[in-house]
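K.L.:
Just to be clear, the model below is a prediction. Sequence and coordinates:
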Amino acid sequence: MADSSAPLNPASSASESAVHIVYTEKPQQNEEPEAYHIRTLASVLGSEEAAKDALVYSYKTAASGFSAKLTPQQVAEISSMPFSLVAPLSLFF
């Protein structure tokens with residue numbers, strides 16, 4: 001019999017990151033899309049380095065946005081920005 005005092009999932013679901021697709025407005029003409037995406041992520045993650053680590057892909061042609069590894073708290077924060085729409089990658093596959 002399993003020890004009932006041991007957690008079933010030792011990782012906290014609030015801190016687990018998953019890949020999400022973030023749709024954004026297009027950057028200004030003089031700004032590269034990836035630089036804009038990193039700047040947007042950095043405003044939520046706290047640093048450019050953390051943003052670069054989280055960025056999975058930067059969409060530049062058919063859509064404006066990026067995919068990134070985000071925790072539920074980060075998803076909530078970036079979703080509150082007026083220009084963004086966030087969806088978990090699992091919705092697309």
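P.N.:
Perfect, I can see it now.

K.L.:
switch to C-alpha atoms for all contacts and neighbour counts from now on
P.N.:
OK.

K.L.:
who does the lowest-mean-pLDDT helix or strand in the chain pair up with?
P.N.:
Within the chain, confidence by mean pLDDT, DSSP states H and E is lowest for strand 85-88 among all helices and strands, at a mean of 78. Taking DSSP bridges as the criterion, strand 85-88 pairs within the sheet with strand 18-23 (antiparallel).

K.L.:
what pLDDT, on average, does the partner strand get?
P.N.:
On average, the pLDDT along strand 18-23 is 90.

K.L.:
now do stretch 71-81
P.N.:
Regarding stretch 71-81, the rounded mean pLDDT is 89.

K.L.:
Stretch 67-76: which residues count as buried?
P.N.:
Neighbour-count burial for stretch 67-76, counted by 16 or more other CA atoms under 10 Å, picks out 67-71, 74-75.

K.L.:
Same check on stretch 52-70?
P.N.:
Of the residues in stretch 52-70, those buried under the neighbour-count criterion (16+ other CA under 10 Å) are 52, 54-55, 58-59, 64-70.
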